[in-house]
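*Asks:* have a look; sequence and predicted model below, questions after that.
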Amino acid sequence: MPRSVLRAAVFTAIESVGMFAVSGVYLWNVLRGSPQDRAIALLGAALGLGLAAVLGVLARGLARGRRPALSPVVLIQLLMLPVGWGLLQGRQYLSAALVLGLAAAVLGSLFGSAQSRESFR
């Protein structure tokens with residue numbers, strides 16, 4: 001397994017841990033506070049926790065060289081690009097840098113070298 005693919009797996013695992021932490025804090029704030037619509041707020045937290053779990057499974061798949069993990073990881077990273085752009089427009093510079101930086105790091109690790117591209121053929 002090329003080091004670049006393992007690096008992409010590590011970055012994906014970092015995203016998973018980050019999403020879990022953010023969703024956990026969001027869930028805590030929802031349960032502690034009084035949102036206008038508690039059901040929608042809980043759904044948002046559950047979706048975040050679910051995405052964290054999916055990212056964790058995909059990171060494990062990448063680390064093991066499983067080809068089916070590649071497409072979902074790439075799709076999620078591509079979806080993170082407009083999210084990061086929206087954060088930039090909302091002047092959330094640190095969050096935007098983290099989202100865009102991790103997405104670019106994963107995509108660059110997966111497609112930056114011929115060896116990593118060949119490992120999934």
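*Replies:* Yep, it's here.

*Asks:* G108 versus the spatially closest residue to F111 that is not a sequence neighbour, what's the distance?
*Replies:* In space, and not counting its chain neighbours, F111 is closest to R117: 6.0 Å by C-beta to C-beta, 6 or more residues apart in numbering. (Glycine included, C-beta is placed from N, CA and C.) Distance of R117 to G108, given as C-beta to C-beta, to the nearest Å: 12 Å.

*Asks:* since we're on the residue nearest to F111, how many residues are nearby?
*Replies:* 14 (other C-beta atoms under 10 Å).

*Asks:* again, but for S109
*Replies:* 22.

*Asks:* ok, back up a step: what's the residue nearest to F111 sitting at in phi/psi?
*Replies:* The phi/psi pair for R117 (degrees, to the nearest 10) reads phi -70, psi -40.

*Asks:* for P2, same thing?
*Replies:* Backbone torsions for P2, taken as degrees, to the nearest 10, come to phi -60, psi 150.

*Asks:* where does pLDDT dip in the chain?
*Replies:* The model of the chain has no residue with pLDDT under 70.

*Asks:* helix or strand next in line after the longest helix anywhere in it, which one?
*Replies:* The single longest helix within the chain, with elements called by DSSP state H, is helix 3-32. Using DSSP states H and E, the next helix or strand after helix 3-32 towards the C-terminus is helix 38-63.

*Asks:* name the helices or strands packed onto the longest helix of the chain?
*Replies:* Judged by 3 or more C-beta pairs under 8 Å, 6 or more residues apart in numbering; DSSP states H and E, helix 3-32 is in contact with helix 38-63, helix 93-111, helix 114-118.

*Asks:* how about it: buried residues?
*Replies:* Within helix 3-32, the residues that count as buried by 16 or more other C-beta atoms under 10 Å are 4-5, 7-16, 19-20, 23, 26-27, 30.

*Asks:* relative to helix 93-111, how tilted is it?
*Replies:* 150 degrees (axes from the mean of the first three to the mean of the last three C-alpha atoms, to 10 degrees).
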